[in-house]
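> missing the sequence, but the structure's below:
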């Protein structure tokens, strides 16, 4: 059940373009709320709320450094979500195989 | 913008264990609401609401056959979501490389 609810939280957190952009920013290195907020037309409290959602999903961790809180990207939940989605690769490869077969059949001269 | 909001909808739809289970069921073949509902302790209207969320995200398509509506899994949005997540593979491989380096350093005899 633990991993089911974590997947819920991870996919829920990824369902927002600002939160996905924050994760992308954090691949470049840990950052403060001020640094994360800079490229967005968004207040720091609004960014903080997004960081809370990401933290609850386990996608980032936060630690204090001097007076500023640093956000850090956690790789494992992203890996888990990818692993879940990868289970469908077999299905979609099969879909493409069927499409290929159909296209080949269509290309064959009638007769 | 189109693909951004589609990713929002796809990840949002995946943030629920019943909806993920429905997608898994549909990898086995198209199914009616009654067939999809059978393994769940859930009413058909409740399952229908989940199907609507999946359809809006483009994860399934629905067509009428005789009197029953058939749900069909669509591979492309799952592929898109995986492609997005796969962009992080470089990051987490790097994280594991750093962990490996740390573990190696810890195993070296002191001196």
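Looks like it arrived, so ask away. Predicted model, so just to flag it, every value in this text is computed and none were measured.
> Is there proximity between stretch A:71-91 and chain B?
Yes: with CB under 8 Å from any CB of the partner chain as the measure, stretch A:71-91 is seen reaching chain B through A:73, A:75-76, A:78-79, A:81-82, A:84-86, A:88-91. Every residue, glycine included, has its C-beta placed from N, CA and C.
> avg pLDDT for that stretch?
Summarised as a single mean, pLDDT over stretch A:71-91 is 81.
> Which residues outside that stretch are in contact with it?
With contacts defined as CB atoms under 8 Å, 6 or more residues apart in numbering or on different chains, stretch A:71-91 is touched by A:3, A:6-7, A:10-11, A:14, A:22-23, A:26-27, A:30-33, A:36, A:51, A:54, A:57-63, B:20, B:23, B:27, B:73, B:75, B:78, B:81-82, B:85-86, B:88-89, B:91-92, B:95-96.
> check which helix or strand covers the residue nearest to residue A:53 when sequence neighbours are not counted.
Closest residue in space to residue A:53, ignoring its immediate chain neighbours: residue A:13 at 5.1 Å, by CB to CB, 6 or more residues apart in numbering or on different chains. Assessed by DSSP states H and E, residue A:13 sits inside helix A:2-14.
> quick one: buried residues of that helix?
By 16 or more other CB atoms under 10 Å in any protein chain shown, the buried positions in helix A:2-14 come out as A:6-14.
> any idea how far residue B:34 is from residue A:75?
Distance of residue A:75 to residue B:34, computed by CB to CB, to the nearest Å: 42 Å.
> who's more crowded, these two?
Legend: neighbour count by other CB atoms under 10 Å in any protein chain shown for residue A:75 and residue B:34, higher for residue A:75 (18 against 10).
> Next to chain B, which bits of chain A? Give me the list.
So far as CB under 8 Å from any CB goes, chain A lies against chain B at A:4, A:7-12, A:14-17, A:20, A:23-24, A:27, A:73, A:75-76, A:78-79, A:81-82, A:84-86, A:88-92, A:95-96.
> can you rerun that using 7 Å?
A:4, A:8, A:11-12, A:14-17, A:27, A:73, A:75, A:78-79, A:81-82, A:85-86, A:88, A:91-92, A:95 (CB under 7 Å from any CB of the partner chain).
> Can you pick out the ones from the residues you listed that are in strands?
Applying DSSP state E to the residues of chain A next to chain B, the entries found in strands are residue A:73.
> Going through the residues of chain A next to chain B, which ones are buried?
Among the residues of chain A next to chain B, those classed as buried by neighbour count (16+ other CB under 10 Å) are A:8, A:11-12, A:14-16, A:73, A:75, A:78-79, A:81-82, A:85, A:88, A:91-92, A:95.
> so how many other residues sit close to residue A:104?
For residue A:104, using other CB under 10 Å, the count is 9.
> roughly how far apart are it and residue B:16?
Taken as CB to CB, the span from residue A:104 to residue B:16 is 38 Å.
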